[in-house]
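Chemist: With the input below, show me the fold.
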Amino acid sequence: MILDLNSSKTHIVVAGGGTAGWLTALWMRNNYPDVKITVIKSEEIGILGAGEGTTPQFITFLEDIGIPFPEIVRYAKGTLKNGIKFSNWLGDKSSYFHGFTEMEDLNPQIFAINNSHLPLLCLEEIGNGKNLDSINFSSIISNLNSVKFAVNSNIKTNSTDPLSYFKSLGSFALHFNANLLAEYLEKKGKTRNIDVINGTIKTVNSDNDGFITSLVLEDKSNVYCNFVFDCTGFKRLILGKHFKTKFKSYKKFLPVKKAMPFFIKINEEDEFPPYTEATAMKYGWSWKIPVSDRFGCGYVYDSDMVSDDEIKKEIDEVTGTDTSIPKTFSFEPGVYEKVWVKNCVGIGLAYGFVEPLEATSIHQTIVLLKRLFLSSSGIVYRNDKEIEHLNKQALKISDEIMTFIHAHYITKRNDTIFWKEFRKNNKLPERLDTFFKNGSRVSTIRDDLIDAEIFASYSWLQVGSGLNLFDKEDAKQNFLSINSGARISSYVFRKRRFLTNLDLVATTATTHRSFLNYISDY
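Modeler: Purely as a prediction, here's the structure:
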């Protein structure tokens, strides 16, 4: 298949007007300014919109498509995210933090010696039976309700860019209201010559070779196309219902299959956390995401074990209110074995969904978009072998996400049937199985767990230490063997300097509320 991306006669249709659909349309427009692009949005399908979290790749992607992130703060009730706080996953009311990478001179990786990939400071903490929160800049400033920006000392700056008044202290992501984001991105898209059709897709027409030629809407109008992105969410109208692509289920690894969203009001006197909180519950876990005027929340659970009424009762007990539940949605964790079929690519929930933990859905969308349609010549050509390679790459990324998320559930908590049964009834992913068979040694983390497509070793170290997955004695022996002899005094000096620097920089970080107020009012 050859697709001329320099021709105005080429018509790319994006089926779906949610976050994935508009990110896809804007990405294509940014890279290929000459083609005709149309988004088909449907009120019937709608948007989940319970508050959504992202990863730092979202910030970079916004820059790529020419959207400064402060605009998301202003128009989609966006807030900043330093990472995720995991509460009560050990069943003892404790917590641990999975934060995003800090600026280079604050990263514990500086303690690696002799090209070792093992940060000595992390090894020492794990060997002492601790998580990494006390050496994690993201965790420290989050406890202060601050974000990774410090006020620029030049107060006379006269710029139209509000960020010119701040100095960056590291990677961050965003939370936002998904409905408002879709509305904002649609406005941006229309100014960039992206057409919008309101309608519901009822039929897909194909040629003799199976390539899609047009989409027929409910009003019987035909939308002709050369290429289609299926962004129809859980409806999965094209990749699933039309092509009947084989689905790879993860339900033997992950038992949660239903979510009950709800909202909690944020009062002016309340703290404004710059992180997502994921709290272990009786039958799964709940998310709590600040989106300017409220917390977007949801309880993700195994609906085979408990009724919706019981879940609603638990939510009311935790929140202390008679919570209003707008809707629930069910899902089977998994993805299609092929993300690209004929002249269609599935993006977002239409391709698959592991589960909400770690906010990987938009991250995966960005990774796929950047891999699927880049060509310096402006002509995209993919033969069957190349498409097969891309499909395998997408599946590999999904498997990595599933493995990382599964690791979060490996906990000694056993106070309810869900937690008692999890490890008994849910199979370990192959790489985790290898890791535990190797004695849970932190020294083998790279060989056993890391592909570095999505989650680097420091992410595994934060989650693994937070859940006590690593062999404490192994970490201690590794620390002592690497940090021996004359290296000890050097290590002690660097550690003291690092921790002092950590505290000093944390005091310069701007509070979340004041940063958002400044951006919103600018």
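
Chemist: for residue 58, what are its contacts?
Modeler: Residue 58 makes contacts with 173, 174, 362, 363, 366, as judged by C-beta atoms under 8 Å, 6 or more residues apart in numbering. Backbone N, C-alpha and C define where each C-beta goes, glycine included.

Chemist: Could you list which residues are in contact with the third one?
Modeler: In other words, residue 362. 19, 20, 23, 52, 54, 55, 58, 348.

Chemist: Go through these and flag the one the model is least confident about.
Modeler: Among these, residue 52 has the lowest pLDDT, at 88.

Chemist: pLDDT (mean, whole number) over stretch 411-423?
Modeler: For stretch 411-423, mean pLDDT rounds to 91.

Chemist: Tell me how far that stretch lies from the chain's centre.
Modeler: Taking C-alpha atoms, centre = their mean, to the nearest Å, the mean C-alpha location of stretch 411-423 is offset from the chain mean by 25 Å.

Chemist: in it, what's buried?
Modeler: By neighbour count with 16 or more other C-beta atoms under 10 Å, stretch 411-423 contains the buried residues 411, 413, 416, 418, 419, 422.

Chemist: What is the longest helix of the chain by residue count?
Modeler: Taking DSSP state H as the criterion, the chain has its longest helix at helix 384-408.

Chemist: what's downstream of that helix, the next helix or strand?
Modeler: Using DSSP states H and E, the next helix or strand after helix 384-408 towards the C-terminus is helix 417-425.

Chemist: Tell me which other helices or strands that following helix touches.
Modeler: Using 3 or more C-beta pairs under 8 Å, 6 or more residues apart in numbering; DSSP states H and E, no helix or strand is in contact with helix 417-425.

Chemist: Contacts for the next helix-or-strand element following that helix next, please.
Modeler: Where DSSP H and E defines the elements, the next helix or strand beyond helix 417-425 is helix 430-437. Helix 430-437 is contacted from outside by 403, 406, 407, 410, 428, 444, 445, 448, 449, using C-beta under 8 Å, 6+ apart.

Chemist: which of the residues you listed are buried?
Modeler: Neighbour-count burial (16+ other C-beta under 10 Å) is assigned, among these, to 403, 406, 407, 410, 428, 445, 448, 449.

Chemist: Give me the next element, helix or strand, following the helix or strand that contains residue 63.
Modeler: Element membership of residue 63, judged by DSSP H and E, is helix 56-64. The helix or strand immediately downstream of helix 56-64 is helix 69-75, counting by DSSP H and E.

Chemist: That following helix packs against which elements?
Modeler: helix 56-64, strand 173-176, helix 178-191, helix 512-521.

Chemist: Using CSV, write out the CA atom coordinates for the longest one.
Modeler: It stands for helix 178-191. Output in CSV follows, covering the C-alpha atoms of helix 178-191 (Å, rounded to 0.1, in the frame of the first residue of the first chain):
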residue,chain,number,x,y,z
ALA,A,178,-11.3,14.4,29.4
ASN,A,179,-14.5,16.0,28.1
LEU,A,180,-13.1,19.5,28.3
LEU,A,181,-9.9,18.4,26.7
ALA,A,182,-11.7,16.8,23.7
GLU,A,183,-13.7,20.1,23.3
TYR,A,184,-10.5,22.1,23.4
LEU,A,185,-8.6,19.9,21.0
GLU,A,186,-11.6,20.0,18.6
LYS,A,187,-11.4,23.8,18.5
LYS,A,188,-7.7,23.6,17.8
GLY,A,189,-8.3,21.0,15.1
LYS,A,190,-10.9,23.1,13.3
THR,A,191,-8.4,26.0,13.1
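
Chemist: now that helix: how far from the chain's centre is it?
Modeler: 20 Å.

Chemist: now for it, which elements pack on it?
Modeler: By 3+ C-beta pairs under 8 Å, 6+ apart, helix 178-191 packs against helix 19-31, strand 36-41, helix 69-75, strand 194-198.
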